[in-house]
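Colleague: sequence below, structure please.
(one chain, ligands or ions: 2)
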Amino acid sequence: MSQKEILMGLTRESTNNEIKKAAFDLTWDIRFIAMATVEEGMPHARIFDMTLLDDGNIYFITATGKPTFDQLLANPNIVITGVTKDWLAVRINAMVKETDDPVIKEKFLEKNQGTKSLYSNSPDALRYFKLEKGEGEISHLYADDMIARLRFGWNGVDPRPFIYHIDEEKCTACGVCHDVCVGKSIRPGDKYSIDYFNCLECGSCYRKCPEGAVLKKK
Ligand code: SF4
Ligand code: SF4
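Modeller: Ligands and ions are numbered 1, 2, ... in the order given. The predicted model follows:
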């Protein structure tokens, strides 16, 4: 099996929970990660410190005086995304929820001694948030710009669907999509199909199919 068939030890056959765990572990490895919130329809991004605790959930803190806190109160949806120097990347879209659990707070500060020290004279300024539910993706971008990717969801949220699909009824197996596919992710056959593990979602197959057999679903 080539390197591009495996992503962080996972394959196309890996379970949703295995992918989620890999994504959360990768987030903890990156730790200081870009996080976007929304305020009045506009995105706001900054680097945040994400912490994986032993309950398997990711937490972060902010202070009540910060704009981030107000944004989260108004709209609890965030996106975090980051990449390692080896080009392993994670993206998570999540709804966050504040927690008052003293055990979680203690465990969080145990792993964040800098925060504990910084707010030692004003600990009540801190608010603790958990990534409650959402969906995400891990990916590996290679030197030749090929990609391997896997998606997951948790707490009732489905993985984000890929947007390009081949309608078998319309496909004449002409091979045009295979020839223009930049991700080498079109599988030939009586009816052609897309292997989403290596799909870049570039849309070349959609634009070039002479039969209109590649559908785009948002
Ligand atoms: S280009 Fe369209 S019709 Fe041709 S193989 Fe691909 S999906 Fe089928
Ligand atoms: S969206 Fe791009 S990478 Fe994915 S199957 Fe179509 S042409 Fe290939």
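Colleague: could you pick out the longest helix of this protein?
Modeller: Assignment by DSSP state H gives helix 16-30 as the longest helix of the chain.
Colleague: next one: it to chain centre, how far?
Modeller: Centre-to-centre, helix 16-30 and its host chain are 9 Å apart (CA atoms, centre = their mean, to the nearest Å).
Colleague: residues contacting it, please?
Modeller: Residues from elsewhere that reach helix 16-30 (CB atoms under 8 Å, 6 or more residues apart in numbering): 7-10, 33, 50-52, 56-58, 80, 82-84, 88, 90, 92, 136-138, 150-154, 159. For glycine as for every other residue, the C-beta is placed from the backbone atoms N, C-alpha and C.
Colleague: ok, of these, which come out buried?
Modeller: Using 16 or more other CB atoms under 10 Å as the burial test, the contacts of helix 16-30 include 7-8, 10, 33, 50-52, 57-58, 80, 82-83, 88, 90, 92, 136-138, 150-154, 159 as buried.
Colleague: thinking again about what came up before, then the longest helix of the chain to CSV, C-alphas only?
Modeller: Output in CSV follows, covering the C-alpha atoms of helix 16-30 (Å, rounded to 0.1, in the frame of the first residue of the first chain):
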residue,chain,number,x,y,z
ASN,A,16,-15.7,7.5,12.0
ASN,A,17,-14.5,7.2,15.6
GLU,A,18,-11.0,6.3,14.5
ILE,A,19,-10.9,9.4,12.2
LYS,A,20,-12.3,11.6,14.9
LYS,A,21,-9.7,10.4,17.4
ALA,A,22,-6.9,11.0,14.9
ALA,A,23,-8.3,14.5,14.2
PHE,A,24,-8.5,15.4,17.9
ASP,A,25,-5.0,14.0,18.6
LEU,A,26,-3.7,16.0,15.7
THR,A,27,-5.4,19.1,17.1
TRP,A,28,-3.7,18.5,20.4
ASP,A,29,-0.3,18.0,18.6
ILE,A,30,-0.7,21.3,16.8
